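J.: I would like the atomic coordinates for the input below:
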Amino acid sequence: MSLQKRYLKSRPESKVTFTLPAEAAEAGSRVFVVGDFNEWDPEATPMTRLKSGTWKATVDLPVDRTYAFRYLIDGCIWENDEEADGYAPTGVSHEENSLLRV
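T.: Alright, predicted model coming up:
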């Protein structure tokens, strides 16, 4: 998994590309990135499957913030990003959310 951050010179935002490798969602037919930045809406930010099987989505986010997020596979499987900037308890279960600092 991978997070790419490209900070914009023209405004205080970063283009963040979320990447989920094919192995993490091999049987998945729909993958979304869900988090603070989209009010945890499970269908707000769909990811696109590339020919390689890798899933990607790019989101413009305001800088100087930390966002919690996870990947949602087929509406029922939650996956964290192994290369996240950190992790925090969900507050709902014993699981953790991935953290993104921009």
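J.: Can you read off the pLDDT for the closest residue in space to Arg30 that isn't next to it in sequence?
T.: Beyond its immediate neighbours in the sequence, the residue positioned closest to Arg30 (Cβ to Cβ, 6 or more residues apart in numbering) is Asp74, lying 5.7 Å away. No exception for glycine: its C-beta is placed from N, CA and C like everyone else's. You'll see Asp74 listed with a pLDDT of 96.
J.: is it true that Asp74 touches Phe32?
T.: No. Under the criterion of Cβ atoms under 8 Å, Asp74 makes no contact with Phe32, lying 9.6 Å away.
J.: what's around the residue nearest to Arg30, how many residues?
T.: 12 (other Cβ atoms under 10 Å).
J.: Make residue 1 into 5 and carry on from there
T.: Will do, 5 is the new start, and the previous item becomes Asp78.
J.: Surely Ala29 is in contact with Thr58?
T.: No. Shown here, Ala29 and Thr58 do not form a contact pair, counting by Cβ under 8 Å, at 9.2 Å.
J.: the more surrounded of the two?
T.: Applying other Cβ under 10 Å to Ala29 and Thr58 shows that Ala29 carries more neighbours, namely 22 against 18.
J.: Just give the closest residue to the more buried one, not the sequence neighbours.
T.: In space, and not counting its chain neighbours, Ala29 is closest to Ile77: 4.8 Å by Cβ to Cβ, 6+ apart.
J.: Isn't Ala48 up against Gly39?
T.: No. Taking Cβ under 8 Å as the contact criterion, Ala48 and Gly39 are not neighbours in contact, 9.5 Å apart.
J.: Comparing those two, which residue is more hemmed in?
T.: Neighbours of Ala48 and Gly39, each counted by other Cβ under 10 Å, are more numerous for Gly39; the result is 24 against 14.
J.: all strands of this protein, in order?
T.: When assigned using DSSP state E, the strands of the chain occupy the ranges 6-11, 17-24, 35-39, 52-53, 59-66, 70-77, 81-83, 90-93, 100-105.
J.: out of those strands, deepest packed?
T.: Neighbour counts averaged per stretch over the strands of the chain are highest for strand 35-39, at a mean of 24; criterion: mean count of other Cβ atoms under 10 Å.
J.: quick one: contacts of that strand?
T.: Counting by Cβ atoms under 8 Å, 6 or more residues apart in numbering, strand 35-39 makes contact with 22, 24, 29, 44-51, 53, 59, 61, 63, 71-78, 101, 104, all of which sit outside it.
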